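Engineer: Give me coordinates for this.
(chains A and B)
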Amino acid sequence: MSWLKPADAGFAVRSKLADLGYGAKLFLRLMVRGAQSLRRFGLVRDQIHFLGNYSLAIIAVSGLFVGFVLGLQMYYALQRYGSSEALGLLVALSLVRELGPVVAALLFTGRAGTSLTAEIGLMKAGEQLSAMEMMAVDPVQRILAPRFWAGVITMPLLAAVFSAVGIMGGYVVGVLMLGVDPGAFWGQMQGGVDVWRDVGNGVIKSIVFGFTVTFIALLQGFVAQPTPEGVSRATTRTVVMASLSVLGLDFLLTAMMFSI
Amino acid sequence: MPVKAPGFFIEMDPAALPHPFVEFRDVSFGYGARAILDRVSFAVPRGKVTALMGASGGGKTTVLRLIGGQQRAQRGEVLFDGRDVGKLDAAGMYLARRRMGMLFQFGALFTDMSVFDNVAFPLREHTQLSEALVRDIVLMKLDAVGLRGARDLMPSEVSGGMARRVALARAIALDPDLVMYDEPFAGLDPISLGTAARLIRQLNDTLGLTSIVVSHDLEETFRIADHVIILANGGIAAQGTPNEVRESADPLVHQFVNALPDGPVHFHYPGVGIEDDFGNEGGRS
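Structural biologist: Sure thing, here's the model as predicted:
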């Protein structure tokens, strides 16, 4: 069986290592030279508009429905113990600490990550990146870096919108439909949610997810085969890799945050 | 009086300079085990239109990428105005590229920018010119390719031939010394093709450029070229003026310039003999 040959295994490991090294180098270039692109903030601003604005609808609608469902489920569980007034606290904690950053990152992957990969991949296929290089303009600095920083900035904002809309959804279901006392709903939330420990942790998570998702999307576009087939494969890889990374990192971050 | 640019001399009179503008010395290049260029040497004279021809996959585009420094030669030297491109660092490479313009096969226009912004792109990236001046330069360049009126269109709204003319305007935006054309005639209708060919010749002569044209189109290319180089099997099969090449005794060049279906380049893909597939003469009676 050919796949058991040591030479093939060695080749596979070596090419994986080379891929990792290439990714790490690109990440470093984005961090170091890309930071210069922040000086031309207009480019980053355009991308924030593009990534943020166009993801806003899906983020808001999803947040609302997740809030509805949380309101229903939590109410059902809490009323058994006669503590349905804690609904606001539970909805807010689960959104701010967990669901906001994670679900927003997954939606961001689907909406913005795929469009980034496809855009960069198509630019590569259409020789636009080569043309830019031949014009003595570095595509990493001019094209990739503004998108990268825009993603990093946009992600926490979208997660915040998601959580806020979700809490409104929980309020609509819990207070307006199921009759939880509005004072208790907001009061418990206000008393129980800590700005640094709860909201801060959520923000840190969403910043990490912003780095991860945007970088994976850009890398996949940048290394895509410059053909229609290659671009479609790269888009699929973006969704798979970014989603798994978000969920894996979420576990690691949560574990770290509870242990501190 | 020579004007000094950082790292480079820009002479006013091209003919006064001793060395050719671009020179390949003993250059080899390949992808993996497949050799594309094998110890190739040739020179591109200043101020002339040099055509680079040959079969598909014969390394013509690779030559352009080597000159532009997007690929590095595995051996030998690629000289651009007397300097080895392969030995330049990133900054030197970018400086050299600012003296080159390249027209890609399908134009490679930035699809998210208008025609105007595409041509303005190199000016905005590399110069501190005011918007008013950028506007004037862009409109002049667009006028040179006959598309001043198309400034507000998006790349998706222009035809293939127009896209290439816009790309040409963009390539000459910074007044380069060398313009490289990668298959400028591929897929153009006869009118656009004639326009493109005339433009290449005209811009070369009026702007004092050196041009390298990679092309398959024999008639049009021979009409505008001063110097023709034919690449085949990793080496140079023939070079000289169009007439010299046309009369070359080399069988491969003869097949190429006369567009013959069979010759040193075979019509049939190598495989088992025809007898093995269809049986002996007379069939299966």
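Engineer: Okay, helices next: where are they in the chain?
Structural biologist: Using chain A here. Under the criterion DSSP state H, helices of chain A are mapped to A:6-32, A:34-37, A:41-48, A:54-79, A:87-94, A:100-108, A:114-125, A:128-134, A:139, A:145-171, A:182-192, A:201-223, A:228-259.
Engineer: um, chain B though
Structural biologist: So, for chain B - with DSSP H - the helices run B:60-67, B:90-97, B:115-126, B:131-144, B:160-171, B:190-207, B:218-224, B:242-246, B:251-257, B:274-278.
Engineer: Save the helices of chain A as JSON lines, and put in distance to chain B and mean pLDDT too.
Structural biologist: Bear in mind the C-beta positions are built from the backbone N, C-alpha and C, glycine included. As requested, the helices of chain A are exported to JSON lines (distance: least, Cβ to the nearest Cβ, whole Å; pLDDT from 0 to 100):
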{"stretch": "helix A:6-32", "distance to chain B": "11", "mean pLDDT": "89"}
{"stretch": "helix A:34-37", "distance to chain B": "12", "mean pLDDT": "76"}
{"stretch": "helix A:41-48", "distance to chain B": "10", "mean pLDDT": "90"}
{"stretch": "helix A:54-79", "distance to chain B": "14", "mean pLDDT": "94"}
{"stretch": "helix A:87-94", "distance to chain B": "39", "mean pLDDT": "94"}
{"stretch": "helix A:100-108", "distance to chain B": "21", "mean pLDDT": "96"}
{"stretch": "helix A:114-125", "distance to chain B": "8", "mean pLDDT": "94"}
{"stretch": "helix A:128-134", "distance to chain B": "4", "mean pLDDT": "91"}
{"stretch": "helix A:139", "distance to chain B": "11", "mean pLDDT": "90"}
{"stretch": "helix A:145-171", "distance to chain B": "12", "mean pLDDT": "95"}
{"stretch": "helix A:182-192", "distance to chain B": "43", "mean pLDDT": "93"}
{"stretch": "helix A:201-223", "distance to chain B": "14", "mean pLDDT": "95"}
{"stretch": "helix A:228-259", "distance to chain B": "14", "mean pLDDT": "94"}
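Engineer: Just name the most buried of those.
Structural biologist: With neighbours taken as mean count of other Cβ atoms under 10 Å in any protein chain shown, those reach their highest mean count in helix A:100-108, at a mean of 26.
Engineer: Return the residues in contact with the most centrally placed residue in chain A.
Structural biologist: Most central in chain A under Cα atoms, centre = their mean is A:Ala105, positioned 2.7 Å from the mean C-alpha point. A:Ala105 makes contact with A:Met155, A:Ala159, A:Ser206, A:Phe209, A:Gly210, A:Thr212, A:Val213, A:Ala242, A:Val246, according to Cβ atoms under 8 Å, 6 or more residues apart in numbering or on different chains.
Engineer: Farthest pair within the residues you listed?
Structural biologist: A:Ala159 and A:Ala242 (14.9 Å; Cβ to Cβ).
Engineer: mind saving the C-alpha coords of stretch A:122-141 as PDB?
Structural biologist: C-alpha atoms of stretch A:122-141 as PDB (Å, rounded to 0.1, in the frame of the first residue of the first chain):
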ATOM      1  CA  LEU A 122     -10.300  35.700  -7.700                       C
ATOM      2  CA  MET A 123      -7.800  38.600  -7.600                       C
ATOM      3  CA  LYS A 124      -5.000  36.000  -7.800                       C
ATOM      4  CA  ALA A 125      -6.700  34.100 -10.600                       C
ATOM      5  CA  GLY A 126      -7.200  37.300 -12.600                       C
ATOM      6  CA  GLU A 127      -3.500  38.200 -12.100                       C
ATOM      7  CA  GLN A 128      -4.500  41.300 -10.200                       C
ATOM      8  CA  LEU A 129      -2.000  40.500  -7.400                       C
ATOM      9  CA  SER A 130       0.800  39.800  -9.900                       C
ATOM     10  CA  ALA A 131       0.000  43.100 -11.700                       C
ATOM     11  CA  MET A 132       0.200  44.900  -8.300                       C
ATOM     12  CA  GLU A 133       3.600  43.300  -7.600                       C
ATOM     13  CA  MET A 134       4.800  44.400 -11.000                       C
ATOM     14  CA  MET A 135       3.700  47.900 -10.200                       C
ATOM     15  CA  ALA A 136       6.000  47.700  -7.200                       C
ATOM     16  CA  VAL A 137       3.100  47.600  -4.800                       C
ATOM     17  CA  ASP A 138       3.200  44.900  -2.100                       C
ATOM     18  CA  PRO A 139      -0.200  43.000  -2.200                       C
ATOM     19  CA  VAL A 140       0.200  41.900   1.400                       C
ATOM     20  CA  GLN A 141       0.400  45.500   2.500                       C
END
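Engineer: Give me the neighbour count for B:Phe29.
Structural biologist: Residues within reach of B:Phe29, counting by other Cβ atoms under 10 Å in any protein chain shown, total 23.
Engineer: Pairing partners for it in the sheet, please.
Structural biologist: B:Leu37 (DSSP bridges).
Engineer: Contact residues of the stretch 51-200 of chain B facing chain A?
Structural biologist: B:68, B:70, B:94-95, B:97-98, B:100-102, B:104-106, B:108-111, B:121-122, B:125-126, B:167, B:170, B:174 (Cβ under 8 Å from any Cβ of the partner chain).
Engineer: List buried residues within these.
Structural biologist: Among those, those scoring as buried are B:68, B:94-95, B:97-98, B:100-102, B:104-106, B:108-110, B:121-122, B:167, B:170, B:174 (criterion: 16 or more other Cβ atoms under 10 Å in any protein chain shown).
Engineer: so what's the nearest residue in space to the residue nearest to the centre of chain A that is not next to it in sequence up against?
Structural biologist: With Cβ to Cβ, 6 or more residues apart in numbering or on different chains as the measure, A:Phe209 is the residue that lies nearest to A:Ala105, at 3.8 Å, once sequence neighbours are left out. By Cβ under 8 Å, 6+ apart, the contact list for A:Phe209 reads A:Pro101, A:Val102, A:Ala104, A:Ala105, A:Phe108, A:Met155, A:Ala159, A:Val246, A:Leu249, A:Asp250.
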